[in-house]
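1. no sequence on hand, only this structure:
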């Protein structure tokens, strides 16, 4: 069924993935770096306390994903708030002042 759908083309998906540039996505680079650091820290801590490699890797990957997504969403939230505040300030400045 999926192969009959003309929109699904694995080569197109791969081409789009290759074109993905982290530098062009706002907040992405910082979020990934924070995720890598946090995942590494959690994975190493888990390994030092349990000595289980598979469990440590699972914890590291899970921590990376959760912290990266959380950081990305929080950064985007802050950007939206700044944009809304800027828009309100511009509207406030452009309002005609009542004559006294």
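-> Received the coordinates, thanks. Note that this is a predicted model, so its numbers are computed, not measured.
2. quick one: residue 71 and residue 35 touch, right?
-> Yes - the criterion here is C-beta atoms under 8 Å, and residue 71 meets it with residue 35 at 6.6 Å. The way it works is simple: take the backbone N, C-alpha and C, and place the C-beta from them, glycine included.
3. just the buried positions in stretch 26-39, please.
-> 27-28, 31-32, 34-35, 38-39 (16 or more other C-beta atoms under 10 Å).
4. which two of those residues have the greatest separation?
-> 27 and 39 (17.6 Å; C-beta to C-beta).
5. let me see the contact set for the most centrally placed residue in the chain.
-> Residue closest to the average C-alpha location in the chain (C-alpha atoms, centre = their mean): residue 72, at 3.2 Å. Under the criterion of C-beta atoms under 8 Å, 6 or more residues apart in numbering, the neighbours of residue 72 are 27-28, 31.
6. so for the host helix or strand of it, mean pLDDT?
-> Using DSSP states H and E, residue 72 sits within helix 53-94. Averaging pLDDT along helix 53-94 gives 94.
7. what's the spacing between that helix and its chain's center?
-> Helix 53-94 sits 6 Å away from the centroid of its parent chain (C-alpha atoms, centre = their mean, to the nearest Å).
8. again, but for stretch 30-45
-> 14 Å.
9. what's it in contact with?
-> 22, 56-57, 59-65, 67-69, 71-72, 75.
10. ok, 6 Å please
-> Residues outside stretch 30-45 that contact it (C-beta atoms under 6 Å, 6 or more residues apart in numbering) are 56, 59-60, 63-64, 67-68, 71-72.
11. ok, stretch 57-70 next?
-> For stretch 57-70, using C-beta under 6 Å, 6+ apart, the contacting residues are 31-32, 35, 38-39, 42-43, 46.
12. now with 7 Å?
-> 31-32, 34-36, 38-40, 42-43, 46 (C-beta atoms under 7 Å, 6 or more residues apart in numbering).
13. give me the subset of those residues lying in helices.
-> With helices defined by DSSP state H, the entries of the contacts of stretch 57-70 inside them are 31-32, 34-36, 38-40, 42-43, 46.
14. which one of these is nearest to residue 84?
-> For residue 84, the nearest member of the ones in helices among the contacts of stretch 57-70 is residue 31. The distance, counting by C-beta to C-beta, is 21.1 Å.
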